[in-house]
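Colleague: with the input below, show me the fold.
(one chain, ligands or ions: 1)
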Amino acid sequence: MNAKDHYDNHLAAFYAWMTGNFETKQQEQEAYFTRKHITPSGNRVAVDLGAGHGLQTISLANLGFTVFAVDFNQHLLSELNARAKGMPVRTILANLTNSAQYAMDAELITCMGDTLTHLESVQQVSTLLEQWQRMLPASGKLVLSFRDLTQELHGEERFIPVKAEDERIHTCFLEYFPGFVRVFDVLMEKINGQWIQKVSSYQKLRLGIEQVKMMLTAAGFNVLDHEVIARMHYLVAEKNRG
Ligand SMILES: C[S@@+](CC[C@H](N)C(=O)[O-])C[C@H]1O[C@@H](n2cnc3c(N)ncnc32)[C@H](O)[C@@H]1O
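Modeller: Residues are numbered from 1 along each chain as shown. Next up is the predicted model:
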């Protein structure tokens, strides 16, 4: 199953539940942007790629950006729209690999929450970094956050308890291959007193942090900042002035 089918047929329906309290998570993202001085300084336009239900989009709108939220999953964009009522937010249902569908003058591009690893190949990541660089003005910023899955987990370490409540349990199982990991999202749900198991999987790229930094440099960015928060690598890059 590809990533779009996985979200459309499985993960999107329980993504918000899995993520936990929206306000808490959203405020964490907003605090991060504030700490890194990600505030409007040009045309105030931000493009949030793989926006999901809006943790970064809502944060950026709160900070004064007009945000174009791009995602290929309609369910998550509908949740985002419901939260963004009255805010300067527009959603675009599109595959982020098709940059023509969201090409615009923007001072900021974000691709966060491990969206980058959902892409199909390292080559596709590097092509997109080049395209995003061309969308930005000199000194425009790109903010990425993703998990570095290059270190293999073994045996029972590959079973990751994500969330458990009385009627719902979500576990991830990881299967490692050269260059990618197959991620199985196992959902157990109690329906009419019966436990029902639903399983679906998709691939994530095993992108290394140094590899992504090198790809950013090759695409014409300066890496300004690198911080690890809850095992997620956060990078702020700026388009070269020259
Ligand atoms: C792990 S979620 C992150 C969502 C959000 N940024 C967050 O931090 O909660 C990845 C998101 O990217 C979207 N996505 C993954 N690959 C995509 C693609 N090629 N084009 C558009 N959206 C994509 C998924 O639908 C999902 O909403």
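Colleague: every contact and neighbour count from this point should use C-alpha atoms.
Modeller: Will do.
Colleague: dump the residue contacts of the closest residue to residue 139 other than its chain neighbours.
Modeller: Distances taken as CA to CA, 6 or more residues apart in numbering place residue 239 nearest to residue 139, at 4.9 Å, with adjacent residues excluded. Applying CA atoms under 8 Å, 6 or more residues apart in numbering, we find residue 239 in contact with 133, 136, 137, 138, 139, 140, 141, 142, 220, 221, 222.
Colleague: for the residues you listed, which one is nearest residue 24?
Modeller: Closest approach between the contacts of residue 239 and residue 24, by CA to CA: residue 142, at 23.6 Å.
Colleague: what are the ranges of the strands in this structure?
Modeller: Secondary structure of the chain (DSSP state E): strands at 45-49, 66-71, 89-93, 108-111, 141-146, 159-165, 168-177, 180-191, 194-205, 221-229, 232-239.
Colleague: hmm, who's touching stretch 171-183?
Modeller: Under CA under 8 Å, 6+ apart, the answer for stretch 171-183 is 149, 152, 158-163, 184-187, 201-207.
Colleague: pLDDT weak spots in this protein?
Modeller: 242 (pLDDT under 70).
Colleague: contact residues of it facing the ligand?
Modeller: With CA under 6 Å from any ligand atom as the criterion, the chain meets the ligand at residues 7, 50-52, 55, 71-73, 94-97, 112-115, 118-119.
Colleague: narrow the residues you listed to those in helices?
Modeller: Judged by DSSP state H, helices contain the following of the residues of the chain next to the ligand: residue 55.
Colleague: okay, now the domains of the protein?
Modeller: Listed domain ranges for the chain are 3-149+207-239, 155-205 (source: automatic domain parsing).
Colleague: give me whichever of those domains is most buried.
Modeller: domain 3-149+207-239 (a mean of 18; mean count of other CA atoms under 10 Å).
Colleague: run the chain-centre distance for that domain.
Modeller: Put simply, domain 3-149+207-239 sits 6 Å off its chain's centre (CA atoms, centre = their mean, to the nearest Å).
Colleague: quick check: end-to-end length of it?
Modeller: Terminal residues of domain 3-149+207-239 lie 29 Å apart, using CA to CA, to the nearest Å.
Colleague: renumber starting at 39 from here on
Modeller: Got it, the first residue is 39 from now on, which makes the last one we talked about domain 41-187+245-277.
Colleague: surely residue 201 touches residue 208?
Modeller: Yes - counting by CA atoms under 8 Å, residue 208 is a contact partner of residue 201 at 5.3 Å.
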